[in-house]
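Novice: Here's a sequence, model it:
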Amino acid sequence: FPCSIIFGRLSNKYDAGLLIKICIICYTTITLFGMFLVTQWQFWVLATLVGMFQGGIQALSRSYLGKIIPAERSGEFYGLMDICGKGASFLGTTLVAVVSQVTAGMKINVFGLQLQNENLTTRYNMLVSQINPHFFFNSLNSLSMLVRQEDKSRALEYIDQLSYTFRYIIQNGQNTKSKLQDEMEFARAYGELFKVRYADKLFFDFEVDDQYKSWMLPVLSLQPLIGNAVKHNTITTKNPLHVVVRVVNGVLEIENHKNPKLDTEPSTGLGLENLRNRWQIIAGKDIEIIDEAQRFMVRLPLENPNKR
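Specialist: So this is what the prediction gives:
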């Protein structure tokens, strides 16, 4: 209301047509501003500007109409203006409803992506925190053993593999996906660290055709599966552990035979749950877990980069 009075008085000093054009430009700018609202104070600014220019353009349009219509037919023209106003209200509401239905999904997707990003960051931090304490101390023990044995070449190689492993984990902290080739190289280095502890009792077999090495998967997918296989199975000379990594029809399979430990290490339950949730968020697919009496397998559907 105050703005209607202010703009009405301005029309006495300036051309009403020019003021209406200025209001239309400002209203268009306000509409664009409304598409990028983030904070509460921006909403209040938007509401104030809408009220200001909406009241102003109404006052100016009535003032301008009063100047251009015949005085004896003012009732007829103002009546027509009211009808057009009501029609505009109906069409405007309809347009808003249609646009809302079309773009609501986009808005939800934006918020969904933000939540997914926060979720992934949290899960990555959980994964790293799970790796660091147990794996790091076991790695130091293995390195200490090599030093005591005065096996300099193996100790240096072990340090290189350990450095590569942690560098890969840190560098991929902000990534969501990686090539299977990169994941396999990381898995080989990660597996070599376990081999120092288990000598010739632990084996990793990679059976992957070259055509699949450029296919994509969520980063650090192999690490928890290799770690779980070592953690939950007895590994001896009589019962060595074989972990097979292969791709069958675009699905990555990680399989090992089962020889459960009698005294199992405490499980946090984060490994497979974290992996499943990350695959659902990043790849939009679920993983398949096959837990049988004699074998354990996890199947991960890869993403073909040529089919997007």
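Novice: C-alpha only now, for contacts and for neighbours.
Specialist: Noted.
Novice: Show me which residues of the helix or strand hosting Gly17 are buried.
Specialist: Counting by DSSP states H and E, the element that carries Gly17 is helix 16-34. Using 16 or more other CA atoms under 10 Å as the test for burial, helix 16-34 gives 16, 19-20, 23, 27, 30.
Novice: Whichever helix or strand comes after that helix relative to helix 16-34, how many degrees between them?
Specialist: Tracing the chain C-terminally past helix 16-34 and defining elements by DSSP H and E, one meets helix 40-68 next. Put simply, helix 40-68 runs at 160 degrees to helix 16-34, going by axes from the mean of the first three to the mean of the last three CA atoms, to 10 degrees.
Novice: next one: helix 40-68 to chain centre, how far?
Specialist: Between the centre of helix 40-68 and the centre of its chain there are 40 Å (CA atoms, centre = their mean, to the nearest Å).
Novice: So which elements touch it?
Specialist: If contacts are counted by 3 or more CA pairs under 8 Å, 6 or more residues apart in numbering; DSSP states H and E, helix 40-68 sits against helix 2-13, helix 16-34.
Novice: tell me the average confidence for the first one?
Specialist: Model confidence over helix 2-13, given as mean pLDDT, is 70.
Novice: picking up where we left off before, quick check: mean pLDDT across the helix holding Gly17?
Specialist: Averaging pLDDT residue by residue across helix 16-34 gives 79.
Novice: tell me which strands and helices that helix is in contact with?
Specialist: Applying 3+ CA pairs under 8 Å, 6+ apart, one finds that helix 16-34 makes contact with helix 40-68.
Novice: Quick one: mean pLDDT over the helix it packs on.
Specialist: Across helix 40-68, pLDDT averages out at 74.
Novice: what residue ranges in the stretch 101-250 of the chain are flagged as low confidence?
Specialist: Scanning the stretch 101-250 of the chain with the threshold set as pLDDT under 70 gives 101-135, 173-174.
Novice: run the last query once more with 50
Specialist: In the predicted model, the stretch 101-250 of the chain carries pLDDT under 50 at residues 104-111, 113, 115, 118, 122, 126, 129.
Novice: which residues does the residue nearest to Val219 when sequence neighbours are not counted form a beta bridge with?
Specialist: The shortest distance from Val219 to any residue that is not its chain neighbour, by CA to CA, 6 or more residues apart in numbering, is 4.8 Å, and that residue is Lys177. When assigned by DSSP bridges, Lys177 has beta-bridge partners Pro218.
Novice: Could you report the distance from Lys177 to Gly79?
Specialist: Lys177 sits 63 Å away from Gly79, going by CA to CA, to the nearest Å.
Novice: higher neighbour count, those two?
Specialist: A side-by-side neighbour count of Lys177 and Gly79, using other CA atoms under 10 Å, places Lys177 first with 19 against 11.
Novice: list the contacts for that one?
Specialist: Under the criterion of CA atoms under 8 Å, 6 or more residues apart in numbering, the neighbours of Lys177 are 216-219, 282.
Novice: Show me what Val245 is bridged to.
Specialist: Judged by DSSP bridges, the bridge partners of Val245 are Phe206, Ile254.
Novice: ok so, going back, any chance of JSON lines for the helices and strands packed on helix 40-68, columns distance to Arg299?
Specialist: What follows is these, written out as JSON lines (distance: least, CA to CA, whole Å):
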{"stretch": "helix 2-13", "distance to Arg299": "65"}
{"stretch": "helix 16-34", "distance to Arg299": "45"}
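Novice: Look up how far Asp210 lies from Phe166.
Specialist: Taking CA to CA as the measure, Phe166 falls 26 Å from Asp210.
Novice: Which one's more surrounded, these two?
Specialist: Phe166 (17 against 9).
Novice: three-state assignment of the more buried one?
Specialist: With DSSP: H, G, I helix; E, B strand; the rest coil as the basis, Phe166 sits in helix.
Novice: How many neighbouring residues does Tyr158 have?
Specialist: Around Tyr158 there are 20 residues (other CA under 10 Å).
Novice: list the contacts for it?
Specialist: Applying CA under 8 Å, 6+ apart, one finds that Tyr158 lies in contact with 143, 192-193.
Novice: Please pick the buried ones from those residues.
Specialist: When burial is judged by neighbour count using 16+ other CA under 10 Å, the buried members of those are 143, 192-193.
Novice: now, which of those sits nearest Ile159?
Specialist: Ile159 has its nearest neighbour among these in Leu143, at 7.7 Å by CA to CA.
Novice: Leaving out the residues flanking it, which one is nearest to that closest one?
Specialist: The shortest distance from Leu143 to any residue other than its chain neighbours is 6.3 Å, reached at Ala155 (CA to CA, 6+ apart).
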